[in-house]
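Participant: Got a predicted model here, sequence first, then my questions.
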Amino acid sequence: MFECLLCSKKMDVRPNLLLLLTGYVPVQERLCNDCWQNFKEIGTYFCSGCGRVEKKKRYCLDCRKWQKRGMAMLENQALYQYNEEMKDYMARYKFIGDYRLAPIFAGKMRRAIRRRVKEEKIDMILPIPLSEERMAQRGFNQVEAFLPVFAKKVDLLAVKASHKIDQSSKSRSERLKTRQPFELKAGMAGQVAGKHILLVDDVYTTGRTLYHAAQLLRQAGARKVSSQTLAR
């Protein structure tokens with residue numbers, strides 16, 4: 001008898017050889033059916049710019065506003081809608097620091113990233129970094145668990161020491177007004193020039209954080225910058 005990692009509901013797990021020999025239950029089987037069904041996958045129709053669910057594959061109002069500001073679209077793709085169940089998952093994994101939850105979506109994210117690397121000829125995968133303060137508080141970068149094994153960690157970006165990037169506590173308008181929080185580490189410009197870079201983050205909300213990172217990379221000579229998130 002196990003408990004669901006999210007709602008603590010008692011669960012009966014069907015015995016198999018792995019369970020009998022080791023007592024190990026894959027984390028994907030540690031969520032009850034009710035919790036799984038509350039996560040809503042993004043289907044065929046979504047905004048081509050940010051990945052939001054749309055009736056047609058076209059740019060949503062938010063992305064058209066980014067275009068008017070002269071921003072090149074990120075072509076963000078997301079796997080799930082950012083609904084209440086996903087918010088609860090993020091609160092436990094990201095803010096409370098329950099690292100047991102990392103593998104739940106890691107497999108799907110890794111497959112999505114591998115597919116895009118192959119189809120879009122991506123040269124580099126870059127997770128959105130945390131500030132030193134946030135890293136010390138949390139102990140891990142929640143995005144790095146989503147990266148494929150072949151994705152060698154490249155420390156190109158850093159959060160400016162003078163900037164505290166805590167988007168979760170800000171309103172939508174406050175997020176959009178956020179100043180550039182990132183800087184390119186010394187001597188890294190040569191690794192960016194001419195490359196197609198895929199930024200990886202957990203959630204796309206306003207897109208402000210991802211667009212800040214993309215703008216900095218393009219200024220350093222990146223050929224193209226795209227993004228992948230778990231939720232939108």
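Facilitator: That came through fine.
Participant: Residue 190 and residue 221: what is the separation?
Facilitator: Look at residue 190 and residue 221: by C-beta to C-beta, to the nearest Å, they are 9 Å apart. In this view, the C-beta of every residue, glycine as well, is placed from N, C-alpha and C.
Participant: In terms of neighbours, single out the busier of those two.
Facilitator: Neighbours were counted for residue 190 and for residue 221 using other C-beta atoms under 10 Å; residue 221 has more, 13 against 9.
Participant: Confirm for me that that one is in contact with residue 197.
Facilitator: No - under the contact definition of C-beta atoms under 8 Å, residue 221 does not touch residue 197, with a separation of 10.6 Å.
Participant: Below-threshold pLDDT in the chain: ranges please.
Facilitator: For the chain, residues meeting the criterion pLDDT under 70 lie at 1, 13-28, 152-153, 163-170.
Participant: Tell me how this protein divides into domains.
Facilitator: Under automatic domain parsing, the residue ranges defining each domain of the chain are 1-38, 40-231.
Participant: Could you identify which of the ones you listed is most buried?
Facilitator: Among those, ranked by average contacts under mean count of other C-beta atoms under 10 Å, first place goes to domain 40-231 (a mean of 16).
Participant: which stretches of this structure form helices?
Facilitator: Listed in chain order, the helices found in the chain under DSSP state H are 17-22, 33-38, 61-68, 84-90, 103-120, 132-138, 172-176, 189-192, 208-219.
Participant: what's the closest of these to residue 146?
Facilitator: Evaluated over the helices of the chain, closeness to residue 146 peaks at helix 103-120, with 3.8 Å, by C-beta to C-beta.
Participant: before we move on, the earlier item: mind checking which of the helices of the chain is nearest residue 11?
Facilitator: With distances scored as C-beta to C-beta, the stretch of the helices of the chain nearest to residue 11 is helix 33-38 (9.0 Å).
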